[in-house]
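Novice: Structure for the following, please:
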Amino acid sequence: PRQDKLLTAGELVPEVEGWVAIGAYIREQLRTGVSVRADADEMPPEERLRFVRTAGKMIDEGTEPDVDNFAAFQPVVDAQGRVTALRFVFPPYQVGPYSDGTQTVDVPAAILLPHLAPEYSGLFARP
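Specialist: Have a look, this model is predicted:
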């Protein structure tokens, strides 16, 4: 805000440790989605195991703590204009097969706050 520039993921979270924590949260959310989908599809046990393993590998690779894996994001704001979460956007193939399309995960401010660059933490809602 008021800087007339796009904020990059690397500026927002400058340390790799932050991406380790954020990636772990995103992985958990994506893996939960895979399990729910596998259960809903009532896959036979062998097929379910293969599906979960393949999806898990793609999720792990697409959420490694490399800032480039988290380059696409948008703020989720409350009525006061404070950022309550960041919605990370993953294109097809990054964290799942093409058939899954673009996937998103909202990471709440509480997860992000310890890892933000100090100059941007004031934009985020406090839990």
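Novice: Now do the helices in this structure.
Specialist: Ranges of helices within the chain are 9-12, 16-40, 45-62, 109-112, 118-121, based on DSSP state H.
Novice: Can you give me the buried ones in the fourth one?
Specialist: Residues of helix 109-112 classed as buried: 109, 111-112 (neighbour count, 16 or more other Cβ atoms under 10 Å). Where you see a C-beta, it was placed from the backbone N, CA and C, and this is true even at glycine.
Novice: Among those, which one lies nearest to Val34?
Specialist: Set against Val34, the nearest of these by Cβ to Cβ is Ile111 (20.1 Å).
Novice: so how far is Asp100 from that closest one?
Specialist: Distance, Ile111 to Asp100, using Cβ to Cβ, to the nearest Å: 23 Å.
Novice: Low-confidence stretches in this structure?
Specialist: Across the chain, the ranges flagged by pLDDT under 70 are 1-2.
Novice: hmm, back to that, with distance to Ala79 as added columns, please give the helices of the chain in JSON lines.
Specialist: Shown next, in JSON lines, are the helices of the chain (distance: least, Cβ to Cβ, whole Å):
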{"stretch": "helix 9-12", "distance to Ala79": "22"}
{"stretch": "helix 16-40", "distance to Ala79": "25"}
{"stretch": "helix 45-62", "distance to Ala79": "33"}
{"stretch": "helix 109-112", "distance to Ala79": "15"}
{"stretch": "helix 118-121", "distance to Ala79": "20"}
